[in-house]
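A.B. asks: please work out how this folds:
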Amino acid sequence: MTEFSPQSRYHGLAQHLLPGADGEDVPYLARRIIPAPTCYDFESRVRSDGGQRIDHLAAETIGDPLLYWRICDANGIERPETATRPEGREIGIPLPLTRTGGRGG
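C.D. replies: Next up is the predicted model:
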């Protein structure tokens with residue numbers, strides 16, 4: 001299975017094998033549990049212009065467009081393509097979660 005970069009939302013997830021009907025194992029990744037938005041602390045908040053892409057916002061605020069998923073997770077956004085809509089939407093730019101996954105701890 002593909003190794004995911006440290007920036008990937010799938011980095012570090014366990015790989016499992018599911019026996020296929022043809023006898024070949026099918027690899028899949030363990031479920032990714034998304035922390036509740038209340039687990040995040042924010043370094044800043046921005047207002048969307050309604051047309052900006054979330055990966056561009058991640059590049060500007062976090063420094064890496066591949067980390068767009070952190071912004072989505074922290075704001076409870078399931079579909080990245082809707083993250084910056086509507087215009088004027090307040091979007092929190094998260095600090096990294098602590099190892100315990102709690103606020104400030």
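
A.B. asks: please make it C-alpha for all contacts and neighbour counts, starting now.
C.D. replies: Will do.

A.B. asks: which parts of the chain are helices?
C.D. replies: Taking DSSP state H as the criterion, the chain carries its helices at 54-61, 68-74.

A.B. asks: and the pLDDT at the residue positioned nearest the centre of the chain?
C.D. replies: Within the chain, one residue has its C-alpha closest to the average C-alpha position: by C-alpha atoms, centre = their mean, that is residue 69, at 2.4 Å. Predicted confidence (pLDDT) for residue 69: 95.

A.B. asks: thought residue 11 was touching residue 4?
C.D. replies: Yes. Using C-alpha atoms under 8 Å as the test, residue 11 is close enough to residue 4 to be in contact (5.0 Å).

A.B. asks: re the thing from before, among the helices of the chain, which comes closest to residue 48?
C.D. replies: Of all these, the one in closest proximity to residue 48, counting by C-alpha to C-alpha, is helix 54-61 (9.1 Å).

A.B. asks: tell me which residues are up against the closest one.
C.D. replies: Residues from elsewhere that reach helix 54-61 (C-alpha atoms under 8 Å, 6 or more residues apart in numbering): 64, 65, 66, 67, 68, 71, 80, 81, 83, 84, 93.
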